[in-house]
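> give me the fold of what follows.
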Amino acid sequence: MRARLHGRHGNTVDVEPVFNGNAEAIDIPTGATVQLNLTDPDSMTVDPGGNIVFTSQADGELIFVRNPLTANQVIGRLSITAGGAMTTLDDTAFAPAGAAYMLFTDVSGDTIYRLDRGSFGFEPGTAYSASDTTGVLGVLNTDTGVVTSIGTGFQSLRGIAFVTPIDF
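Numbering: from 1, shown residues only. Modelled structure (predicted):
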């Protein structure tokens, strides 16, 4: 959605939708045109290519939007699976280049975890996802939608973020 402030004191906002929940999209693995039926749009981020990426959590999908609000806008849908079954994701983050560590939360476990690059070796640009229903932290293949577990046994993973340390 695009928002524009106007009015003498900037007290009026006009908004413009990027797309509707029933928009046509390209199924990323097959290239087929599909109609979205989004019931649970959730977390949003930007991938290394500058595409908007958001989770449609209960639908088990990630939606990629290239060139938003332009004549060249393209919407892509990626259905998410793990172990051959549809999987819901609460959040996805892309590993940055350079020094960084990952934080992720297990809401039901009442814990925030830290995973360091040195102990795992994050590949820059790789998507990492947290499943709220399966308790899996995994690497997401953005071509196929398959999540490969790198950590299990959590109760309900939610937020995930990469942090780049700053030296003062």
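> CA only for contacts and neighbour counts going forward, please
Will do.
> just checking, D91 touches G159?
Yes: look at D91 against G159 with Cα atoms under 8 Å: they come within range, at 5.7 Å.
> can you give me the helices for this structure?
Per DSSP state H, the chain carries helices over the ranges 117-120.
> what does the pLDDT read for G151?
Here the pLDDT value assigned to G151 is 88.
> pull the number of nearby residues for it.
The local packing of G151 (other Cα atoms under 10 Å) involves 12 other residues.
> against D90, how distant is it?
Going from G151 to D90 by Cα to Cα, to the nearest Å gives 15 Å.
> mutual contacts of D91 and G159, please.
Shared contacts of D91 and G159 (Cα atoms under 8 Å, 6 or more residues apart in numbering): A130.
> which one's more surrounded, the two?
D91 (26 against 21).
> and the more buried one, how far from Q73?
Counting by Cα to Cα, the gap from D91 to Q73 is 23 Å.
> swap in V163?
For V163 relative to Q73 (Cα to Cα), the value is 30 Å.
> which of the two has more neighbours?
It is V163, of V163 and Q73, that has more neighbours when counted by other Cα under 10 Å, with 15 against 12.
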